[in-house]
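What follows is a predicted structure for the sequence shown.
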Amino acid sequence: MSGAAIITVLSGLVLLLAVLRAAQVLHHERGTPRETGRGTEPGPGDSIVESHYSSGVSGGQSMSYRISRDPQTYAKLFIPKDRKK
């Protein structure tokens, strides 16, 4: 088999594997229920996200963020304060 034929066959196998992997990911995401999927259910109240950072010898930081579960309130965070109405 020539070098060009080997490269063509290997390229075809890589492409086939990429397509199969993409189909697997799409199938898995489509079947994932909301409770175990990404994000949180919309509703009243806040979600609390905690962040812990340690840089080794010099210590670290711990932060907590409150994020609204209401989609409209959350979207308003991204509107600049100086925006004209």
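Sure thing, it's come through. Numbers count the residues shown, from 1 in each chain.

average model confidence for the top helix by length along the chain?
Longest helix in the chain, counting residues (DSSP state H): helix 3-30. Regarding helix 3-30, the rounded mean pLDDT is 91.

Check which element follows that helix along the chain.
On the C-terminal side of helix 3-30, the nearest following helix or strand under DSSP states H and E is strand 46-54.

Mind exporting the C-alpha coordinates of that next one to PDB?
These are the backbone C-alpha positions of strand 46-54, laid out as PDB (Å, rounded to 0.1, in the frame of the first residue of the first chain):
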ATOM      1  CA  ASP A  46     -31.000  32.700  45.000                       C
ATOM      2  CA  SER A  47     -28.400  30.000  44.300                       C
ATOM      3  CA  ILE A  48     -25.200  30.300  46.300                       C
ATOM      4  CA  VAL A  49     -21.900  29.500  44.600                       C
ATOM      5  CA  GLU A  50     -18.800  29.100  46.700                       C
ATOM      6  CA  SER A  51     -15.400  29.500  45.300                       C
ATOM      7  CA  HIS A  52     -12.200  28.300  47.100                       C
ATOM      8  CA  TYR A  53      -8.800  29.200  45.900                       C
ATOM      9  CA  SER A  54      -5.500  28.100  47.500                       C
END
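
partners of that strand, with directions?
In the sheet, strand 46-54 lines up against strand 60-68 (antiparallel) (DSSP bridges).

Residues in contact with the following helix or strand past the partner strand: which ones?
For strand 60-68, the succeeding helix or strand toward the C-terminus, using DSSP H and E, is helix 71-76. For helix 71-76, the surrounding residues in contact (C-beta atoms under 8 Å, 6 or more residues apart in numbering) are 42, 67-68. Quick note: C-beta positions are derived from backbone N, CA and C, even for glycine.

before we move on, what about stretch 45-58?
Contacts for stretch 45-58 (C-beta under 8 Å, 6+ apart): 40, 60-69.

Please produce a ChimeraX select command covering the buried subset of the contacts of helix 71-76.
The buried residues among these can be selected in ChimeraX (16 or more other C-beta atoms under 10 Å) with this line:
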select :68
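
How is this structure divided into domains?
Following automatic domain parsing, the chain resolves into domains at 1-38, 41-85.
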